[in-house]
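# just need the structure, nothing else, for what follows:
(3 chains)
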Amino acid sequence: MSQADPKATPPATPLKEWPLWEVFVRSKQGLEHKHCGSLHAADAGQALNMARDVYTRRQEGVSIWVVPSAAISASAPDEKGLFFEPAADKIYRHPTFYEIPDQVGHM
Amino acid sequence: MKELEALSDFTLHLADSALILGQRNAEWCGHGPILEEDLAMANNSLDLIGQARLLYQQVAEVRGNHCSEDQLAYFRDESAFKNFTLLELPHSTALAPSAKGQRDYAVTVARNFLYSAYMVGIWSSLASSPSLAAFAGAVHEVPLQNAKALQWANLSANLKAVAAKSYKETEYHLRHSSDWVIRMGDGSAESHQRIQQAFHHLMPYTQEFWTQQHPAALQLDMPSIKAQWDVTVSDVLSEATLVVPSAQGFLPTGTRGVHSEHMGFLLSEMQGLARAHPGAVW
Amino acid sequence: MYTQSFNVPDTTEPTGAKAPLSLVGVVSPLSEQDAAAQTRFDTKLNADQKIEPQDWMPEAYRKTLVRQISQHAHSEIVGMLPEGNWISRAPSLKRKAILIAKVQDEGGHGLYLYSAAETLGTSRDQMLADLHSGKAKYSSIFNYPTLTWADVGVIGWLVDGAAIMNQIPLCRCSYGPYARAMIRVCKEESFHQRQGYESLLTLMRGTAEQQAMVQDAVNRWWWKCLAMFGPPDSDSPNSVQGMRWGIKRISNDDLRQKFVDATVPQAEVLGVRLPDPDLKWNEARQHYDFGAIDWDEFWATVNGNGPCNKERLATRVKAHQEGQWVREAALAYAHKQAQKNSLKQEAA
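Numbering: from 1, shown residues only, chains lettered A, B, ... in the order given. Purely as a prediction, here's the structure:
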């Protein structure tokens, strides 16, 4: 397997922490999915199971979407001026949402 | 009426199995490997205890005479419990009860997998059984003097309804535990070893699934249920890169009321407070 | 559950049981950019608008929120232990199921709150590391033991009751994710107090032993619950800043008074005696007067010398450590699957 392609999808090394997923639940047929929070899971299949157990215990849903938080792009807050972040920003400000291989050391 | 007694005893076995496993799985509350799993295992336990309650209530109705779900759960002695021995075991590989091993999540998910794979077969058979009354209204066709037949109709209709509900819950338990078996089997070296050992430990206990006597009236097609179970087990373990261990060895007898040493400790803990206040309402 | 974060510093900050507490963060002159952002921030707060994760916020505001929300989350998780203690021994199947559902809810609340805190630039792992090292605190009420079945009901009635009083105002807090998490929590919380109170009603209508069990539990928990609201306002300078930031909405003393006023009639219906000889209705104030709280005991427990502190923390650490291989297994599997998928993509 070639290691040259920087756009290759899998992380170079396994993550240390279960990644964060955002959960969207459609509570009734005909309504849209609404964001209800986040949870940690190692993969999409488990994220769906967990979302069911965490966010639909009181039968609050007919459909669940889970999305890795790192995959979400967000618009900048609606403040005008010189001093806000670029347009397609990530929703979280913390550096751990970016996967850094162990070999790089502390960052 | 022999058929009523047989069906009632079988219902009691189903209730005991659900309660004992629910009791065991609830032990993880507050101690799970990650918060999300704590919630999942609590759901699992609530489903099982819910099933147990519905089933005990049916048996209590048949027995009458102030019998109740709590009377059955808290005031019967060990030899009266008819759960599978598999379900009363602690969450560890083979160890005497006084040794107090650590809880191992691999044993938990392996056991949940083996049992829920079996119960989806049982529940779906009961839910679609032609020999169980279609609905409690069938009792209108029974002569009023025949109280026992009335009870049989009620019990069988309710059992069918519980089976339909429990089937859906058990399908999810099977999915949850299968997902974990696969992740542990095809995960790290440590998880692979643990889950393989867990199956080695638990597999012989599953013999009891196939040696149990069922009420003839139910016409359960056990060979077919076993065949399906064998396929599920081999498919999931194969995807998990695990070997299916032999199911040979000591044949347990929990369904006849002769349990492992673990049952006594489990019941002491579960029943002690209620028994200290006989007749009290909680 | 209630958090005392405005009143209780983390272990690395200067302590002294009753020393006045310094504000979190350093107040230094702002750059022109930041000054403009501060103005916008203040305008939002004054207009009761929500601050969202990507908005500019003063560092002190962000740090205070991280601390308060994570402490709140830790409290929920540790709070699963004292009540979880009675799941296996619950004296009826109905009570067993109710208790499992309640403890599960608490876990769920912890999860919503960790989620909310993570939007502020911390991670679940970091927060747990702080809890397990003893750096982060959790609500001190959970450092007391649950010795009888009646304790479970009393916790539902009094501890959840106190928590609800604190939580409802938080639903209007200025930070969006925290407010939304609290709305979810409050929806689920009403069941908690009711199940506890109803359990006690049943006991008080029962045998003499059951009634004695309730009275004994009330005797042991009443004063601890009053202390849950935190030290008097005169000893809590951070509260002022919290109120300006729209994080803390009602003062400690006011909440405590509200709690006493609501609870005394409930105790009367139950038929239990609240263990305070100074408790009496004050016609002039239109509130109940009550006796002095033992703040020495409160601080001793907060600072680590309560009956269960070491056990609670050690139990959480143990669960986390023993669960490590499980978490690693899931990650290893996910990594292998991702590699398999990328091989498939390359082959295609």
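# got the residues of chain B near chain A?
By CB under 8 Å from any CB of the partner chain, the residues of chain B that approach chain A are B:Ile34, B:Leu35, B:Glu36, B:Glu37, B:Leu39, B:Ala40, B:Asn43, B:Tyr172, B:Arg175, B:His176, B:Asp179, B:Arg183. Using the backbone N, CA and C atoms, a C-beta is placed for each residue, glycine as well.
# make a markdown table from those and add distance to chain C, secondary structure and pLDDT to it.
Shown next, in a markdown table, are the residues of chain B next to chain A (distance: CB to the nearest CB, whole Å; DSSP: H, G, I helix; E, B strand; the rest coil; pLDDT from 0 to 100):
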| residue | distance to chain C | secondary structure | pLDDT |
| --- | --- | --- | --- |
| B:Ile34 | 6 | coil | 95 |
| B:Leu35 | 5 | helix | 95 |
| B:Glu36 | 7 | helix | 94 |
| B:Glu37 | 8 | helix | 95 |
| B:Leu39 | 5 | helix | 94 |
| B:Ala40 | 10 | helix | 94 |
| B:Asn43 | 7 | helix | 94 |
| B:Tyr172 | 16 | helix | 95 |
| B:Arg175 | 15 | helix | 96 |
| B:His176 | 13 | helix | 96 |
| B:Asp179 | 9 | helix | 97 |
| B:Arg183 | 4 | helix | 98 |
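# now the buried members of these.
B:Ile34, B:Leu35, B:Glu36, B:Glu37, B:Leu39, B:Ala40, B:Asn43, B:Tyr172, B:Arg175, B:His176, B:Asp179, B:Arg183 (16 or more other CB atoms under 10 Å in any protein chain shown).
# tell me the spacing between the last one and C:Ala334.
Taken as CB to CB, to the nearest Å, the spacing of B:Arg183 relative to C:Ala334 amounts to 8 Å.
# okay, and the common contacts of these two?
A:Ala42 (CB atoms under 8 Å, 6 or more residues apart in numbering or on different chains).
# C:Gln211: what's its closest spatial neighbour, skipping adjacent residues?
Residue nearest to C:Gln211 in three dimensions, not counting chain neighbours: C:Met204, with 5.6 Å by CB to CB, 6 or more residues apart in numbering or on different chains.
# next, count neighbours for B:Glu102.
Check again: residue B:102 is Gln, not Glu. 10 (other CB atoms under 10 Å in any protein chain shown).
# that one and B:Pro90 touch, don't they?
No - with contact defined as CB atoms under 8 Å, B:Gln102 and B:Pro90 do not form a contacting pair (9.8 Å).
# what parts of chain A come near chain B?
So far as CB under 8 Å from any CB goes, chain A lies against chain B at A:18, A:39-42, A:45-46, A:49-50, A:52-54, A:57.
# now for the residues you listed: which two are most distant?
Farthest-apart pair in the residues of chain A next to chain B is A:Ala42 and A:Arg57; separation 21.5 Å (CB to CB).
# and these two? which has more neighbours close in?
Taking other CB under 10 Å, A:Ala42 and A:Arg57 do not tie; A:Ala42 has more neighbours (28 against 18).
# which parts of chain B are helices?
B:2-26, B:35-63, B:69-74, B:85-88, B:105-127, B:147-185, B:189-202, B:207-211, B:222-239, B:261-276 (DSSP state H).
# swap that for chain A, sorry
A:44-55.
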